[in-house]
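Chemist: everything below, folded, please.
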Amino acid sequence: MGRPKPLLPLNGQTFLGHLLGELRASRVDRIVVVLGHKPELVLEAMPEVLPFAVVNERYQLGQLSSLIVGLETVGASADAVLLCLADHPFVTAELIDALIEGYEQTHPPIVVPVHGGRRGHPVLFGSHLFRELRDAPLDQGARVVVRAHAEEILEVATDEPGILADVDTPEEYERWRAFFRTRESSEPGAEPSITS
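Modeler: Okay, the predicted model is just below:
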């Protein structure tokens with residue numbers, strides 16, 4: 001993207017600011033923001049993040065290394081963790097609560113949202129997977145744990161296409177930002193073209 005994704009503008013906020021707002025409005029008990037590359041840029045732009053922030057000094061080892069830092073920060077007392085990614089900001093408090101409720105019903109190891117038959121983000125991991133996540137190969141990420149429990153995953157259907165948004169290019173950013181504006185203004189509009 002050429003600039004930090006957490007700070008990308010989104011309707012008067014930033015990606016990270018939007019995520020934090022939805023998390024605060026949800027049933028999530030505690031928020032931990034794991035920062036990696038150039039954390040000072042995020043903290044300077046959003047000093048309100050400081051009470052939630054921890055820095056992953058080994059961020060270059062991949063996404064799983066940041067999840068592990070988050071797990072270590074939360075500790076063993078958590079029932080589950082909800083992994084939200086800065087480049088998947090189009091989530092709502094209602095969706096987050098639906099994932100939590102799904103977990104509370106049967107305590108599956110993993111809960112994922114599904115839209116149009118496709119899984120997206122955020123992903124909830126039950127506490128009995130914390131050790132597996134910590135021990136997983138960093139180069140393979142959390143997906144190796146997801147694959148190991150493929151038959152036990154609870155899928156929660158949602159009409160929110162934003163769960164599939166993965167903003168990696170300026171073009172994807174503009175497409176999803178336009179969709180988000182349309183949704184927020186309650187105007188009818190087609191979903192953005194979604195690519196893998």
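Chemist: tell me the secondary structure for Phe121?
Modeler: Wrong residue type there; residue 121 is His, not Phe. Assigned with DSSP: H, G, I helix; E, B strand; the rest coil, His121 falls in the coil class.
Chemist: show the pLDDT at the closest residue to it other than its chain neighbours.
Modeler: Distances taken as Cβ to Cβ, 6 or more residues apart in numbering place His88 nearest to His121, at 4.2 Å, with adjacent residues excluded. Backbone N, C-alpha and C define where each C-beta goes, glycine included. His88 is assigned a predicted lDDT (pLDDT) of 86.
Chemist: now the host helix or strand of Leu16: buried residues?
Modeler: Taking DSSP states H and E as the criterion, Leu16 maps to helix 15-25. For helix 15-25, a neighbour-count test (16 or more other Cβ atoms under 10 Å) marks 15-20, 22-23 as buried.
Chemist: can you list the residues you listed in TSV and add distance to Leu67 and pLDDT?
Modeler: Converted to TSV, the buried residues of helix 15-25 look like this (distance: Cβ to Cβ, whole Å; pLDDT from 0 to 100):
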residue	distance to Leu67	pLDDT
Phe15	18	92
Leu16	17	94
Gly17	21	93
His18	21	91
Leu19	15	93
Leu20	18	94
Glu22	19	95
Leu23	16	95
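Chemist: how many residues are close by Ala178?
Modeler: 12 (other Cβ atoms under 10 Å).
Chemist: follow-up on the earlier one: so what does the helix holding Leu16 touch, helix or strand wise?
Modeler: With contacts defined as 3 or more Cβ pairs under 8 Å, 6 or more residues apart in numbering; DSSP states H and E, the packing partners of helix 15-25 are helix 93-106.
Chemist: picking up where we left off before, give the contact list for the residue nearest to His121.
Modeler: Residues near His88 by Cβ atoms under 8 Å, 6 or more residues apart in numbering: 120-122, 162-163, 165-167.
Chemist: residues contacting the helix holding Leu16, please?
Modeler: With Cβ under 8 Å, 6+ apart as the test, helix 15-25 has contacts from 5-8, 10-11, 13, 31, 33, 42, 46, 49, 52, 84, 86-87, 89, 91-93, 96, 167.
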